[in-house]
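**Q** Turn this into a model:
(chains A and B)
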Amino acid sequence: MTELTVELRNVSKIYPARRSSGKDVVAVREVSLDIPSGEFFTLLGPSGCGKTTTLRLIAGFEQPTSGEVYLQGKAVSKIPTYKRPVNTVFQNYALFPHMTVAKNVGFGLTVKRVPKAERERRVMEALELVQLPDLANRKPSQLSGGQQQRVALARALVNRPTVLLLDEPLGALDLKLRKAMQLELKQLQERLGITFVYVTHDQEEALTMSDRIAVMNYGEALQVGDPMTLYEKPANSFVADFIGESNFVRGTVKQVDDDEAQIAIGRKVIAVRLEEERPSPNQNVLLTIRPEKLWLSEPDEQADGLPGVVEEVVYIGTSTRYIVALEAGDEIVVRLQNRPGTKMAGLGRGAPVKVSWRFEDARIIEADGRGEELVIG
Amino acid sequence: MEKQNRLAVLLGPPGLYLLILFLLPLGIMAVFSFRAGTIGDARFIYTLDNYREFLTKTSFHRLLLISARIALTIASLSVILAYPLAYYLTFRAGSRRVILLTMLIVPTWTSYLLRIFAWKLILGSTGLLNTFLLWIGAIEQANPILLYSRNAVVITLLYVWVPFVALPIFAALERIDPSLLEAAADLGSRPWETFLRITLPLSLPGVMAGFFFALIPTLGEYVTPLLVGGGQGAMYGNLIQDQFVRALNWPMGSVMSLAMLVLAIPLLFLFTKAGGSDLVEF
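**A** Residues are numbered from 1 along each chain as shown, chains lettered A, B, ... in the order given. As a prediction, the model looks like this:
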């Protein structure tokens, strides 16, 4: 069994209401996570979803209202931040403005009374690791955003933490630099073998870098899995919509067999593969299908597939997006690669079409609660 | 061109104000310092005698030095008393911060004289403090040393300055990004070490501002010593006042004022340096 570096057991963080009439704010709700040693783990979600609070609970800046955080198997709720074997890279870097880069990077070693000679050697090593050995005597205010980010990284890594916590560390960088840093961070993590817990709202960033991702919303961890699982098998409509682009089509269950269900969508009945979800007959469900898994063809009453009318065509270089109004009511986005032989290229607005997909590419997702809101809204 | 006009409009009135009400009187005072007398024909005789007299009168120097020492003491003690106050307001007061800050400031809305007279009532031989000490039996006789002494001046001026010194420190502490303190803890720094290595150095500009804010006016202070200092508590400012009002020796008063200015200039120089980033460096 792999060693767990970070464990969260039913951790909740509730901020009590400011006034007696107000409502308590639940920032994190009953979150349980297992993060094995050496993993690049990402907390992904929109702003206000509780991902940063979760990170702060691990760092010790906040105390859980209930539940327990374990670091290397030890409960740490009673252990103050300065004694925890974790280090944080802050969103705004939080570099000490009155110290040089070298002093900033060496801070953790200074307060731990590491002898000067060793401290200086490790500071230089850390600065070389982030490719900034020449800036040791600068002040943070004399550095660019990207350089500050690297200093913040060096300041954390120089302490050789068991876990490195990163709170949207690339958020303030421009796109090009961010892409470069994503790869660099990932390589660094693999080379050092340190467990990374990474917070971001950028799903592409999460997919690029992570071994596993926890998708969060409203303080809950909705689904934990590797990037491919999250993309291919989202557990609910929020995950399906947040990671990549998804279509949602409403239907009603007609019949449930062993491994497939017959779903009525408008006047068509379509077979959908069943996985963990076991819907019952007459239940309303949502089907989710990725835009790139769909194709368009001439309307054909006999075959499978949903009839509709092309509403809009958006040419985006490598592919074209067709927004199709289904006869059954929902709107669906179809993305077709622009390559030789693509049949429907040149299809215009108002053209009647049929939208089809492979049997295994549609998934049933619960149709109650937020899923419903999400589709209608 | 337009920018220059706007600058002139903005800087004109205060510049004129300073010129007429500050620099011009200072010039007049400088001229007076060379005159042989305040009134009569002696006014028109220019001499260096006043300066010679000032340089030979060691009692003047002594009082100037004593005043400087009192001012330094008061400024230092004000900072020491005001810092925890400002620290509490910034980091611990939470939702009570506004109320507490107001309570700190409100007394300064009443007349300065009134507040000093209040201290007379507290420190006097039949005052609050003596009566209380007699009542609990800590002393057997009312202690007259409390009022009309240098200590009374120091206590009263401390009371006057602490709120004003606390404000710039409060402002400096408030500017500290809380994530810096979190970062320090995250890197293994204990709370007191975080204070010494992060909070204190980053609040130094406020500390310096508060220090000089109390130091410079106290150096020339004469009202408080007059009211609570008595003969023992007189400061250099009282000596200057005596030259102008009682002895009617304006030239000598002018020399003494200029001497104080000369002493204060290096302090002001330090003050402007403290405003820069140099002092914040380790």
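**Q** how long is stretch A:300-319 end to end?
**A** Using CA to CA, to the nearest Å, one end of stretch A:300-319 lies 25 Å from the other.
**Q** For it, buried residues please.
**A** Judged by neighbour count using 16 or more other CB atoms under 10 Å in any protein chain shown, the buried positions of stretch A:300-319 are A:G305, A:L306, A:P307, A:G308, A:V310, A:V313, A:S319. For the C-beta atoms, the positions are set from N, CA and C on the backbone; glycine is no exception.
**Q** what about the fifth one, is that helix, strand or coil?
**A** With DSSP: H, G, I helix; E, B strand; the rest coil as the basis, A:V310 sits in strand.
**Q** Now for the buried residues of stretch A:300-319: which two are most distant?
**A** A:P307 and A:S319 (22.9 Å; CB to CB).
**Q** Wait, A:L192 touches A:V158, no?
**A** No - at 11.6 Å, A:L192 does not count as touching A:V158 under the criterion of CB atoms under 8 Å.
**Q** and the two? which has more neighbours close in?
**A** Between A:L192 and A:V158, A:V158 has the larger neighbour count (other CB atoms under 10 Å in any protein chain shown), namely 26 against 15.
**Q** Tell me the pLDDT of the closest residue to that one other than its chain neighbours.
**A** In space, and not counting its chain neighbours, A:V158 is closest to A:A126: 3.9 Å by CB to CB, 6 or more residues apart in numbering or on different chains. Looking at A:A126, its pLDDT stands at 94.
**Q** separation between A:A126 and A:A94?
**A** Distance, A:A126 to A:A94, by CB to CB, to the nearest Å: 17 Å.
**Q** Ok, A:P169 next?
**A** Computed with CB to CB, the distance linking A:P169 and A:A94 is 11 Å.
**Q** do B:L7 as well
**A** Distance of B:L7 to A:A94, given as CB to CB: 38 Å.
**Q** for A:K13, helix, strand, or coil?
**A** strand.
**Q** my guess is it meets A:F61, correct?
**A** No - contact criterion CB under 8 Å: A:K13 and A:F61 do not qualify, at 11.0 Å.
**Q** Which one of these two is surrounded by more residues?
**A** A:K13 (22 against 19).
**Q** mind listing what that one touches?
**A** Residues near A:K13 by CB atoms under 8 Å, 6 or more residues apart in numbering or on different chains: A:V26, A:A27, A:V28, A:G50, A:T53, A:L57, A:E62, A:P64, A:T65, A:G219.
**Q** separation between the last one and A:S77?
**A** Applying CB to CB, one obtains 18 Å for the distance of A:G219 from A:S77.
**Q** quick revisit: got the contact list for the helix or strand encompassing the residue nearest to A:V158?
**A** Taking DSSP states H and E as the definition, A:A126 sits inside helix A:116-129. The contact list for helix A:116-129 (CB under 8 Å, 6+ apart) reads A:101-102, A:105-106, A:109-110, A:114, A:133, A:135-136, A:154-155, A:157-158, A:188.
**Q** quick one, helices of the stretch 151-300 of chain A?
**A** For the stretch 151-300 of chain A, the helices defined by DSSP state H, counting those that start in this stretch occupy A:175-192, A:203-209, A:227-232, A:237-242.
**Q** winner for burial among those?
**A** Of all these, helix A:237-242 has the most neighbours on average by mean count of other CB atoms under 10 Å in any protein chain shown, namely a mean of 24.
**Q** and A:I323, that's in a strand?
**A** Yes - the assignment for A:I323 by three-state DSSP puts it in a strand.
**Q** what's near enough to touch the closest residue to it other than its chain neighbours?
**A** Spatial nearest neighbour of A:I323, excluding adjacent residues (CB to CB, 6+ apart): A:E312 at 4.3 Å. With contact taken as CB under 8 Å, 6+ apart, A:E312 is in contact with A:R321, A:Y322, A:I323, A:R349.
**Q** Up against chain A, what does the stretch 51-200 of chain B have?
**A** Contact residues, the stretch 51-200 of chain B versus chain A (CB under 8 Å from any CB of the partner chain): B:177, B:179-180, B:182-191, B:193, B:197-198.
**Q** about what we covered before: wait, which of the contacts of A:E312 is closest to chain B?
**A** Relative to chain B, the closest of the contacts of A:E312 is A:R321; by CB to the nearest CB it sits at 41.1 Å.
**Q** Spit out the contact partners of the closest one.
**A** The neighbours of A:R321, taking CB under 8 Å, 6+ apart as the test, are A:P291, A:E312, A:V313, A:V314, A:V333, A:V334, A:R335.
**Q** For it, which non-adjacent residue is spatially closest?
**A** Closest residue to A:R321 apart from its sequence neighbours, by CB to CB, 6+ apart: A:V314 at 4.3 Å.
**Q** In this structure that neighbour contacts A:T320, no?
**A** Yes - applying CB under 8 Å as the test, A:V314 and A:T320 come out as touching, 6.8 Å apart.
**Q** Quick check: which ranges of the stretch 1-150 of chain B have low pLDDT?
**A** Along the stretch 1-150 of chain B, the parts satisfying pLDDT under 70 run over B:1, B:144-145.
**Q** Swap in 80 and give it another go.
**A** Applying pLDDT under 80 to the stretch 1-150 of chain B flags residues B:1-3, B:42, B:125-126, B:138-148.
**Q** how close does the most far-flung residue of chain A relative to its centre get to A:L109?
**A** Going by CA atoms, centre = their mean, the residue of chain A most distant from its centre is A:A117, 41.5 Å out. Here the distance between A:A117 and A:L109 works out to 11 Å (CB to CB).
**Q** what about the residue of the stretch 101-250 of chain A at minimum distance from chain B, which helix or strand?
**A** Proximity of the stretch 101-250 of chain A to chain B (CB to the nearest CB) peaks at A:G108, 3.7 Å away. Secondary structure from DSSP H and E places A:G108 in helix A:101-111.
**Q** same for that helix, what does it pack against?
**A** Other elements packing on helix A:101-111 under the criterion 3 or more CB pairs under 8 Å, 6 or more residues apart in numbering or on different chains; DSSP states H and E are helix A:116-129, helix A:145-157.
**Q** quick one, which of the ones you listed is nearest to A:F238?
**A** Going by CB to CB, the one of the helices and strands packed on helix A:101-111 nearest A:F238 is helix A:145-157, 30.1 Å.
**Q** by how many degrees do the closest one and helix A:175-192 diverge?
**A** Taking axes from the mean of the first three to the mean of the last three CA atoms, to 10 degrees, one finds helix A:145-157 and helix A:175-192 inclined to each other by 20 degrees.
**Q** in helix A:145-157, what counts as buried?
**A** Judged by neighbour count using 16+ other CB under 10 Å, the buried positions of helix A:145-157 are A:G146, A:Q147, A:Q148, A:Q149, A:R150, A:V151, A:A152, A:L153, A:A154, A:R155, A:A156, A:L157.
**Q** and chain B, which of the residues you listed reach it?
**A** A:R155, A:A156.
**Q** mind putting the buried residues of helix A:145-157 in a markdown table, pLDDT included?
**A** Converted to a markdown table, the buried residues of helix A:145-157 look like this (pLDDT from 0 to 100):
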| residue | pLDDT |
| --- | --- |
| A:G146 | 90 |
| A:Q147 | 93 |
| A:Q148 | 94 |
| A:Q149 | 93 |
| A:R150 | 93 |
| A:V151 | 95 |
| A:A152 | 95 |
| A:L153 | 94 |
| A:A154 | 95 |
| A:R155 | 96 |
| A:A156 | 95 |
| A:L157 | 93 |
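**Q** closest to A:L175 among the buried residues of helix A:145-157?
**A** A:G146 (12.2 Å).
**Q** Tell me which residues of the host helix or strand of B:Y17 come out buried.
**A** Per DSSP H and E, B:Y17 falls inside helix B:2-18. Residues of helix B:2-18 include none that count as buried (16+ other CB under 10 Å).
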